[in-house]
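Colleague: for reference, the sequence and a predicted model appear below.
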2 protein chains.
Amino acid sequence: MVRANTERALRDLYELREIGAYKTGVHRPTLSPEDMEARRWLASKLEEIGHSATIDGIANVFGRAPGNGPHVLAGSHIESQNHSGWLDGALGVVYALEAARAVAEDPSVNGSGVDVIAFSDEEGHFGQFLGSYSFLGELDEATIDESTDRSGRGSLRDNLANFGLDGKERVTMDPGRYKAFFEAHIEQGGRLEREDFTIGVVTSIVAIWQYHIIVEGAQNHAGTTTMAERRDAGKAMMQIWHRIEERFPELIDTHSVWTAGNVVLSPGGPSIIPGKAEMWFQFRDAEMPVLERMQDGLFEIVAQIDAEGPCSARVEPLGRSTPAKMDSEIQNALVDAAAEITPDRALVMPSGAGHDAQNMARHLPSAMMFVPSIGGISHHWTENTSDDDIKDGAAVFVDAIGKVLTQH
Amino acid sequence: MVRANTERALRDLYELREIGAYKTGVHRPTLSPEDMEARRWLASKLEEIGHSATIDGIANVFGRAPGNGPHVLAGSHIESQNHSGWLDGALGVVYALEAARAVAEDPSVNGSGVDVIAFSDEEGHFGQFLGSYSFLGELDEATIDESTDRSGRGSLRDNLANFGLDGKERVTMDPGRYKAFFEAHIEQGGRLEREDFTIGVVTSIVAIWQYHIIVEGAQNHAGTTTMAERRDAGKAMMQIWHRIEERFPELIDTHSVWTAGNVVLSPGGPSIIPGKAEMWFQFRDAEMPVLERMQDGLFEIVAQIDAEGPCSARVEPLGRSTPAKMDSEIQNALVDAAAEITPDRALVMPSGAGHDAQNMARHLPSAMMFVPSIGGISHHWTENTSDDDIKDGAAVFVDAIGKVLTQH
């Protein structure tokens, strides 16, 4: 059994928390000075244990372990959302670092190794999963050319160039090298805490299908235009929204979720009938037939409102990912490790949030592990997990990697 | 019969249109350089015909006619919405100017006069009807202190000071001086055009009751928060909106209108469940019992959603004006003038839009007259009225004022 030094892992997380500290959380957007400091911190920790570490041309931190025995790859992301929590992906990066150290120190797995990766920009400041796509050889230069920071910090190219990374070689994966990929993360939901579990073993990462719904009517004066002659785009959008909420419960499966995250009426004056209304709508599920049903329902509702008039309505898909199944054998390693270290405290569950593991799973047997989020809070500076849960999570994560490395 | 020089009135409107020209409309927000140029243009036109003209401490332009005979007051507003139409209130200001000139030139009404006023900020860049409230002695200094431009141009005080107006004396009305107040305006709706009329004689100006509806839920991750545990403020707001649209048709009268002009979900990210939702809602009618019914209905709906949970909901009234009845005798002067000049082409109708005449009507017998808006369009640079309708409107407006000045 490969044993984590859980105190050391916790100490590292507290050290990393100081870089870009914001209240009790951190502010480390991708390619900010604080983010680069965190990346250099990780690279130096990896070099201390004999890994060959690099920060590559997309800002992925990759540490290659020595040894000619079996290897696994482990990691997550080290940048944060703006003014956000201290754990999120940083937890998974430090767990991977601790796994690499524990394996390097354990003579029973001599020759084996854990390569460590911090994928760049999982948080989507510049794009979508740029780091894992790049590592998998699926990110072209044109996409990098087009990527800009959503908070107005300019182009990805300029931000890479600030740290001498633009044009630098991008490391790509040698898939034959690895038995598996492991990622740990905070849950970002309240289920583990509510149902009193310490470890979440992920079965699949749900797909997210996103849409932009647009209704066009006629902008007009809210006093002088009679109700009969109005073409109120806001009212028509409300009807779409209402039918979605009426209809979707019939279309879904147990874990399905759907969200109208934003609605914008234009021009938005109190005395002006909206001439245009937009909605950003998404739903998530782990099963393709369920996703297809929800999409069909959405398309039907929008087409109905368009046909009924007096406004025109259309829907544009913005992105449709594929549900990612985690590998059952690697899941079992996590389940077995949890059974030994935290008996009866592991829950097998889907992930409602997206993670780099969904990309890795297309190329390697992959697994994800969660620890509880206090109050279910994430992407906010109050995000937290108890020290005990952090330490238990590290022990289970490292033990599971040890099991996979020694399996034949 | 006092006759307008309708070609001269049209020429003035085309001249005024050049000040702050934007496409085929104008951009003359209150206290912009272009607005001040328009005010000075009017003051100078008034001085040319022997009026004593001033731009006062709230930027009202007031021209006092000579003579000891009967007087009426006429006017409207000269500033525009941002990037808006060329006519709107400017039409009423130029009609008032033409009435003053025609009366001054007509020996049959020797000694009579038309005082002319351009009320400041009817368009509400800084406040609500600041010019007419000031003229009626109903605007205190504290309100001026608190007023700021809604487009970010700073405080009213600073903007007044830019043109040396801050602290200048504000002209107030001598009610004993006037037999009546007359205001002309474009209709801002499509009814006159659609039903083929040239002149609208206003019976009453509807009241506008405005509300800010606030729903509070819990901001959360759109992937990891189950549907059951959500407190989605956006969804609860949609339910309020839907019930309003279901319920209001039972509460209203023929001319009632209601409008959800803006809805804002916070924080508005596509993957975040809205923790807060706000709506700016208003309705209008000319009858108090109808207004009261609509308000009761709104309060009941919001209280229901609050009681049903899981979000809290409340509604804050933002402003409730009183319906303003126009004076029937003065209305008749307009009806009679229209019958002579444009036979069978006058429609007696309520005004769905608010105007300074609603304030004036509390102090003087008041009347309003409309000319058609092509396509019902207003508050947009494409706003327009045919030259023939503009000239017919000027003739009717001036003749009606002549009738009132000579009535005993």
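Modeller: Okay, I see it. Here the structure is a predicted model, which means the values were calculated and not measured.

Colleague: residues contacting the residue nearest to A:Thr143 when sequence neighbours are not counted?
Modeller: Nearest residue to A:Thr143, sequence neighbours excluded (CB to CB, 6 or more residues apart in numbering or on different chains): A:Gly127, at 6.8 Å. Heads up, the C-betas are built off the backbone N, CA and C, glycines and all. Neighbouring residues of A:Gly127 by CB atoms under 8 Å, 6 or more residues apart in numbering or on different chains: A:121, A:143, A:147, A:156.

Colleague: in helices, which of those appear?
Modeller: A:143, A:156 (DSSP state H).

Colleague: with just CA atoms, put the helix or strand where A:Lys235 lies into PDB.
Modeller: Secondary structure from DSSP states H and E places A:Lys235 in helix A:233-251. C-alpha atoms of helix A:233-251 as PDB (Å, rounded to 0.1, in the frame of the first residue of the first chain):
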ATOM      1  CA  ALA A 233     -40.300  39.900 -27.500                       C
ATOM      2  CA  GLY A 234     -40.000  39.700 -23.700                       C
ATOM      3  CA  LYS A 235     -43.500  38.200 -23.200                       C
ATOM      4  CA  ALA A 236     -42.800  35.600 -26.000                       C
ATOM      5  CA  MET A 237     -39.500  34.700 -24.300                       C
ATOM      6  CA  MET A 238     -41.400  34.300 -21.000                       C
ATOM      7  CA  GLN A 239     -43.800  31.900 -22.700                       C
ATOM      8  CA  ILE A 240     -40.800  29.800 -24.000                       C
ATOM      9  CA  TRP A 241     -39.400  29.800 -20.500                       C
ATOM     10  CA  HIS A 242     -42.700  28.800 -18.900                       C
ATOM     11  CA  ARG A 243     -43.200  25.900 -21.400                       C
ATOM     12  CA  ILE A 244     -39.700  24.600 -20.700                       C
ATOM     13  CA  GLU A 245     -40.400  24.500 -17.000                       C
ATOM     14  CA  GLU A 246     -43.800  22.800 -17.700                       C
ATOM     15  CA  ARG A 247     -42.400  20.300 -20.200                       C
ATOM     16  CA  PHE A 248     -38.900  19.300 -19.100                       C
ATOM     17  CA  PRO A 249     -39.900  17.300 -16.000                       C
ATOM     18  CA  GLU A 250     -41.500  14.800 -18.400                       C
ATOM     19  CA  LEU A 251     -38.400  14.500 -20.500                       C
END
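
Colleague: from the contact counts, what lies against that helix?
Modeller: Identification of packing neighbours for helix A:233-251 by 3 or more CB pairs under 8 Å, 6 or more residues apart in numbering or on different chains; DSSP states H and E yields strand A:207-216, strand A:257-266, strand A:276-285, helix A:288-308, strand A:312-320, helix B:233-251, strand B:257-266.

Colleague: looking at those, which is closest to B:Gly164?
Modeller: B:Gly164 lies closest, by CB to CB, to one member of the helices and strands packed on helix A:233-251: strand B:257-266, at 36.1 Å.

Colleague: packing partners of the closest one?
Modeller: helix A:233-251, strand A:257-266, strand A:272-273, helix B:233-251, strand B:276-285.

Colleague: for B:His380, which of the ones you listed is the nearest?
Modeller: strand A:272-273 (9.8 Å).

Colleague: partners of the closest one, with directions?
Modeller: strand A:220-221 (antiparallel) (DSSP bridges).

Colleague: ok, of the helices and strands packed on strand B:257-266, where does mean pLDDT dip lowest?
Modeller: Sorting these by mean pLDDT places strand A:272-273 lowest, at a mean of 92.

Colleague: other residues contacting that one?
Modeller: Contacts of strand A:272-273 (CB under 8 Å, 6+ apart): A:217-222, A:225, A:230-232, A:234, B:259, B:261, B:379.

Colleague: mind doing that once more with 6 Å?
Modeller: A:220, A:222, A:230, A:232, B:259, B:261 (CB atoms under 6 Å, 6 or more residues apart in numbering or on different chains).

Colleague: any idea how far A:Val94 is from the residue nearest to the fourth one when sequence neighbours are not counted?
Modeller: Spelled out, it's A:Asp232. Residue nearest to A:Asp232 in three dimensions, not counting chain neighbours: A:Ile273, with 5.2 Å by CB to CB, 6+ apart. Distance, A:Ile273 to A:Val94, by CB to CB, to the nearest Å: 54 Å.

Colleague: that older thread, now the contacts of A:Gly127: which count as buried?
Modeller: By neighbour count, with 16 or more other CB atoms under 10 Å in any protein chain shown, these hold A:121, A:143, A:147, A:156 as buried.

Colleague: show the pLDDT at the residue lying closest to the last one once chain neighbours are set aside.
Modeller: With CB to CB, 6+ apart as the criterion, A:Leu156 has its nearest non-adjacent residue at 3.9 Å, and that residue is A:Ser147. On pLDDT, A:Ser147 comes in at 96.

Colleague: next up, the contacts around A:Ser147.
Modeller: A:126-127, A:156.

Colleague: let's go with 10 Å and repeat that
Modeller: Neighbouring residues of A:Ser147 by CB atoms under 10 Å, 6 or more residues apart in numbering or on different chains: A:121, A:125-128, A:130, A:139, A:155-157, A:159-160.

Colleague: ok, so of these, who is nearest A:Ala313?
Modeller: For these, the nearest to A:Ala313 is A:Gln128 (27.0 Å; CB to CB).

Colleague: I'd guess that closest one is in a helix, am I close?
Modeller: No - read with DSSP: H, G, I helix; E, B strand; the rest coil, A:Gln128 is coil and lies in no helix.

Colleague: that one contacts A:Asp121, doesn't it?
Modeller: Yes - using CB atoms under 10 Å, A:Gln128 is in contact with A:Asp121, at 8.5 Å.
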